[in-house]
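# Quick one, what's the 3D model for this:
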Amino acid sequence: MKKTLLLILLSVFTLVNADAQGLTFGAKAGVNLSTFTGDSFTGFDTRVGLHIGGLAEIPLTEKFSVQPEVLYSQKGSKFFGSETLLSYIDVPILAKYHIIHGLSAELGPVPSFLVEAEYTTNGLENNVSEYIRTFDFGIGGGVSYQLPMGVFFSIRFTKGLMEIRESGKYDPNDDYKLNVDNNVFQVSTGYIF
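Sure, this is the predicted structure:
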């Protein structure tokens, strides 16, 4: 995991040095609508969370740029009266295509690092971090629109590509595999400095 993060940071710094003249920074916040999906269970409901963080935009050409972000992001799901909250540090690295002035499409990998995992049922909160993988990985895509004054709005969907836990974590004698992953729809607003 440390090697992956180091490789990501090294790639970002290399891109920053490639064209530091047009480099811009920004901040964003918004709402997450998340749920679990997978072939083992059905009946998961949407959980509302938040995300907040910073970003940089590194122009490569007139139409293309790279947008790395660092976000605190709440994910999870509801399931028959219980609720799972998974808090992550997301590090999306998005390729951004500027369609027309202000409007752009973005797509790229979204590595995520678990901060905390809570499971609530019957009003009782339990820390379940030890049962959840500390690293998650997904692919994110969306669109954004930036106004001339620097304010922007974006929507994005991130599809998790990894199971959130491995078999046997709840009961050492249980080899049943909970095959679910994170799926998050984000609505954001922010400001480019």
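# Only the buried residues of stretch 85-99, if you could.
Using 16 or more other Cβ atoms under 10 Å as the test for burial, stretch 85-99 gives 85, 86, 87, 88, 90, 91, 92, 93, 94, 96, 98. Heads up, the C-betas are built off the backbone N, CA and C, glycines and all.
# For residue 116, state which of those residues is nearest.
Nearest to residue 116 out of these is residue 87 (Cβ to Cβ; 4.5 Å).
# dump the residue contacts of the closest one.
By Cβ atoms under 8 Å, 6 or more residues apart in numbering, residue 87 lies in contact with 72, 73, 74, 75, 114, 115, 116, 117.
# what's the helix or strand for it?
strand 82-90 (DSSP states H and E).
# Mind listing the strands the next helix or strand after that strand pairs with, and their directions?
Counting by DSSP H and E, the next helix or strand C-terminal to strand 82-90 is strand 93-100. Sheet pairing of strand 93-100 (DSSP bridges) gives strand 64-79 (antiparallel), strand 103-121 (antiparallel).
# CSV for these, including mean pLDDT?
Shown next, in CSV, are these (pLDDT from 0 to 100):
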stretch, mean pLDDT
strand 64-79, 96
strand 103-121, 97
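# Can you list the buried residues in stretch 68-86?
68-69, 71, 73-79, 84-86.
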